[in-house]
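Student: Next input, structure requested:
(chains A and B)
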There are 2 protein chains.
Amino acid sequence: LKITVLGAGAWGTTLARHLVHNSHNVTLWAHRSESLAQLSETRQHKALPGVEMPEKLVLEPDLERAMEGADVVVLSVPSKTFRSNCTGISRFAGIAVSTSKGIEFDTGSTPCEIIAQTMPAAIPAALSGPTLALEMARGEPTACVAAAQDEATARRVQQIFHSPAFRVYTSTDLRGVELGGALKNPLAIAAGTCEGLGLGDNAKAALITRALAEMRRLGVACGALPETFGGLSGLGDLTVTCFSKLSRNRTFGEKLGRGANVEQLIAESQSVVEGYPTVRAAWQLAKKLGVATPIIDEIHAVLYQSKNPRFAVLDLLTRESKAED
Amino acid sequence: LKITVLGAGAWGTTLARHLVHNSHNVTLWAHRSESLAQLSETRQHKALPGVEMPEKLVLEPDLERAMEGADVVVLSVPSKTFRSNCTGISRFAGIAVSTSKGIEFDTGSTPCEIIAQTMPAAIPAALSGPTLALEMARGEPTACVAAAQDEATARRVQQIFHSPAFRVYTSTDLRGVELGGALKNPLAIAAGTCEGLGLGDNAKAALITRALAEMRRLGVACGALPETFGGLSGLGDLTVTCFSKLSRNRTFGEKLGRGANVEQLIAESQSVVEGYPTVRAAWQLAKKLGVATPIIDEIHAVLYQSKNPRFAVLDLLTRESKAED
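Tutor: A predicted model of the protein is given here:
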């Protein structure tokens, strides 16, 4: 198959390399041509030290040429530019696999909904789960979910990506898989904040338990299946994002908890912290649907209304004691 | 209230101290009188460095005297001696709160079922959740579940233990709460083994996701409610046990993964690793009920059939790829 990967971040690059190893013809495109130039020169990605790029991986800075003859396109671009990237390839016909994890502000659309809105001939699919790029690139065992509205497409994506070290499961709850991936980011910021404030593992475990319930509640109100949030794209991704030292959202929250300034953190961050815009979109979505999301509300207040993180966490911990929900 | 706590391990001692702070009259009893003698002398527990015991806490090595006039008894004894401890106080009439997390070999009984079998005048209840003793003793925010068959008893236990830093929620799925607490231990051994083998956070997150599903499957077959496993006593406790550096079961698994010998590890361990006997009881229970428990099966093979942990984890990771269940 000819597969074009859009986005040369750590994950897009890791997947492009993996697809070459799976014997596909792979072209990698990036918005910033310097990213490709550096990859071409060093055959390494700066976020993936020690990981060699295969000779067969084609690096193509021109979007039209990159898309020429592509059977499948993989969209590994930031949520912020997702819609414009889709619009740029609106005529593509084939499976469009999103690996982006976000919710669009104002529209509340997930990446695959944006694909459906902007690429009429494409079949949307998502690949999501607990997938730290560096670990995957180093060949450590990784598992994820390929989701599409129909089973046949989900299986097709599974076949394309599956390998002994990268186990791909299927799901037809596309919305649930996408919302799990998106919502875990704000919740991981909360978990990191908890850590930064010096709270212990008991508090963090309690927070994560309530976070999964909150994710499920909001997801179900959006039409997702509740059980999807207990799977790799929900609980699995939430776990890795809340605990791994490699997680950007967790680290961002930890710095917040230690007293860092929000604007300064965003300005200084080298890579995209997807949770930051997602907090606002998720908060908006919850308000619109009338779903109770105490953790998202508090993180929203910290990020967008200058609330002190300590008071935010205290307010979460002192909610009225009652039966578990 | 007069409350008697049986068992002066880290958790029993922490709860006894907490109940004194909650203005109850508390007596602490231990099977080994040396434990009490040491507590009496140093006013500190060796597993709780820097945590002072309140003057008002009564230490009583004689069981009969300890139980005299008790309104409530808290059983914080190891699973291994749970039945004999209950038999020793068989005439007690009142709420008997178990904090033990295990399943009895051959009978498959949980601690509260043993209370019901041996203490005809007692009302069984359980207190369970992500509660590392040292963190709780140091006053860090901790949340847990008080469970009983009837709502009134669960609320009563909640009132007795609740404080601003120790948040107690209620549940009437007593079996589900107990099975979550028991089953997370074998699963945390598996997660630790994964780490000891040098696998990354992606693999561990995938394992934990499947572990929760396995716990829920076996629990539901035993009559528990599926949603209980998503709560503090299921997911919450699983999370803290799989991730905290303070978790004995996780650490035990980590050493196994690094190549330590099972018998030697057990012989050397200073404190009880509850997961070790629970693996055998859970495996037996799953076989009896015909429930698929791949993770428990592999850990059972490692602990009781000398299987190499590396092959066990490989066998888990290479199970046939399919739709998520």
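
Student: Tell me how far A:Lys245 lies from B:Asn308.
Tutor: Separation of A:Lys245 from B:Asn308 (CB to CB, to the nearest Å): 29 Å. In this view, the C-beta of every residue, glycine as well, is placed from N, C-alpha and C.

Student: Report the secondary structure state of the spatially most central residue of chain A.
Tutor: Central residue of chain A (CA atoms, centre = their mean): A:Lys101, 3.0 Å from the mean position. Under DSSP: H, G, I helix; E, B strand; the rest coil, A:Lys101 falls in the coil class.

Student: check contacts around it.
Tutor: With contacts defined as CB atoms under 8 Å, 6 or more residues apart in numbering or on different chains, the neighbours of A:Lys101 are A:Ser79, A:Pro111, A:Ser128, A:Glu178, A:Gly181, A:Ala182, A:Lys184, A:Asn185, A:Glu274, A:Thr278.

Student: which of those has the weakest pLDDT?
Tutor: Note: of the contacts of A:Lys101, the lowest pLDDT belongs to A:Glu274, at 86.

Student: Run a quick neighbour tally on the closest residue to A:Glu195 other than its chain neighbours.
Tutor: What sits nearest to A:Glu195 in space, not counting adjacent residues and going by CB to CB, 6 or more residues apart in numbering or on different chains, is A:Glu254, at 5.1 Å. When neighbours are counted by other CB atoms under 10 Å in any protein chain shown, A:Glu254 registers 20.

Student: ok, then the element right after the helix or strand hosting A:Glu254?
Tutor: Counting by DSSP states H and E, the element that carries A:Glu254 is helix A:248-257. Using DSSP H and E, the helix or strand that follows helix A:248-257 towards the C-terminus is helix A:262-268.

Student: Which strands and helices lie in contact with that next one?
Tutor: Applying 3 or more CB pairs under 8 Å, 6 or more residues apart in numbering or on different chains; DSSP states H and E, one finds that helix A:262-268 makes contact with helix A:248-257.

Student: Distance from the chain centre to the helix it packs on, please.
Tutor: Distance of helix A:248-257 from the chain centroid (CA atoms, centre = their mean, to the nearest Å) equals 16 Å.

Student: Which strands or helices does that helix pack on?
Tutor: Short answer (3+ CB pairs under 8 Å, 6+ apart): helix A:248-257 packs on helix A:174-196, helix A:237-243, helix A:262-268, helix A:275-289, helix A:309-317.

Student: does any bit of stretch A:40-49 sit next to chain B?
Tutor: No: Stretch A:40-49 lies apart from chain B when judged by CB under 8 Å from any CB of the partner chain; the minimum separation is 13.7 Å.

Student: For the residue in the stretch 1-150 of chain A that chain B sits nearest to, give me its contacts.
Tutor: Going by CB to the nearest CB, chain B is nearest to A:Pro130 of the stretch 1-150 of chain A, at 3.5 Å. For A:Pro130, the contact set (CB under 8 Å, 6+ apart) comprises A:142-144, A:232, A:236-237, A:239-241, B:201-202, B:205-206, B:209.

Student: Quick one: those as a markdown table, columns for pLDDT, neighbour count and distance to B:Val58 too.
Tutor: Listed next are the contacts of A:Pro130 as a markdown table, based on pLDDT from 0 to 100; neighbours: other CB atoms under 10 Å in any protein chain shown; distance: CB to CB, whole Å:
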| residue | pLDDT | neighbour count | distance to B:Val58 |
| --- | --- | --- | --- |
| A:Thr142 | 94 | 31 | 54 |
| A:Ala143 | 94 | 24 | 52 |
| A:Cys144 | 96 | 28 | 55 |
| A:Leu232 | 96 | 31 | 50 |
| A:Gly236 | 96 | 30 | 47 |
| A:Asp237 | 96 | 31 | 49 |
| A:Thr239 | 95 | 30 | 42 |
| A:Val240 | 94 | 30 | 46 |
| A:Thr241 | 93 | 29 | 47 |
| B:Asp201 | 94 | 25 | 46 |
| B:Asn202 | 95 | 29 | 50 |
| B:Ala205 | 95 | 29 | 46 |
| B:Ala206 | 94 | 27 | 49 |
| B:Thr209 | 95 | 25 | 46 |
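
Student: Among those, which one lies nearest to B:Gly12?
Tutor: Looking at these and their distance to B:Gly12, the nearest is A:Thr239, at 30.0 Å (CB to CB).

Student: Please tell me how far the residue nearest to A:Glu195 sits from A:Ser271.
Tutor: Distance of A:Glu254 to A:Ser271, given as CB to CB: 16 Å.

Student: got the end-to-end distance for stretch A:156-166?
Tutor: The first residue of stretch A:156-166 is 15 Å away from its last residue (CA to CA, to the nearest Å).

Student: ugh, wrong one, I meant stretch A:56-66
Tutor: Length of stretch A:56-66, first residue to last, CA to CA: 14 Å.

Student: what's the answer for stretch A:102-110, then?
Tutor: Taking CA to CA, stretch A:102-110 runs 6 Å from one end to the other.

Student: Then stretch A:227-234?
Tutor: OK, stretch A:227-234 end separation, CA to CA: 9 Å.

Student: so does that stretch get close to chain B?
Tutor: Yes: Stretch A:227-234 is in contact with chain B by CB under 8 Å from any CB, via A:Gly230, A:Gly231, A:Leu232.

Student: which element is A:Ala125 on?
Tutor: Using DSSP H and E, A:Ala125 falls within strand A:122-128.

Student: helices or strands up against the next helix or strand after that strand?
Tutor: Tracing the chain C-terminally past strand A:122-128 and defining elements by DSSP H and E, one meets helix A:133-137 next. Counting contacts by 3+ CB pairs under 8 Å, 6+ apart, helix A:133-137 is packed against helix A:10-21, helix B:201-221.

Student: For B:Thr107, find the nearest of these.
Tutor: Closest to B:Thr107 of these is helix B:201-221 (CB to CB; 15.9 Å).

Student: Packing partners of that closest one?
Tutor: Using 3+ CB pairs under 8 Å, 6+ apart, helix B:201-221 sits against helix A:133-137, strand A:142-148, helix A:237-243, helix B:174-196, helix B:237-243, helix B:275-289, helix B:294-304, helix B:309-317.

Student: Select, out of the ones you listed, the one closest to A:Gln44.
Tutor: Comparing those by CB to CB, helix A:133-137 comes nearest, at 10.3 Å.

Student: how about that closest one as CSV, C-alpha atoms only?
Tutor: In CSV, the C-alpha atoms belonging to helix A:133-137 read as follows (Å, rounded to 0.1, in the frame of the first residue of the first chain):
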residue,chain,number,x,y,z
ALA,A,133,6.0,7.5,20.9
LEU,A,134,9.5,6.9,22.2
GLU,A,135,8.6,3.5,23.7
MET,A,136,6.9,2.4,20.5
ALA,A,137,9.8,3.6,18.4
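
Student: Pull up the gap between the residue nearest to A:Glu195 and chain B, please.
Tutor: 15 Å (CB to the nearest CB, to the nearest Å).

Student: now, the most widely separated pair of the contacts of A:Lys101?
Tutor: Taking CB to CB as the measure, the contacts of A:Lys101 reach their widest spread between A:Pro111 and A:Lys184, a distance of 14.7 Å.

Student: sorry, back to before: tell me the one among the residues of stretch A:227-234 next to chain B nearest to B:Ala152.
Tutor: Nearest member of the residues of stretch A:227-234 next to chain B to B:Ala152, counting by CB to CB, is A:Gly230, at 31.1 Å.

Student: ok, now which ones touch that closest one?
Tutor: Here A:Gly230 is in contact with A:Leu212, A:Arg216, B:Thr209, B:Leu212, B:Ala213, B:Arg216, B:Gly230 (criterion: CB under 8 Å, 6+ apart).
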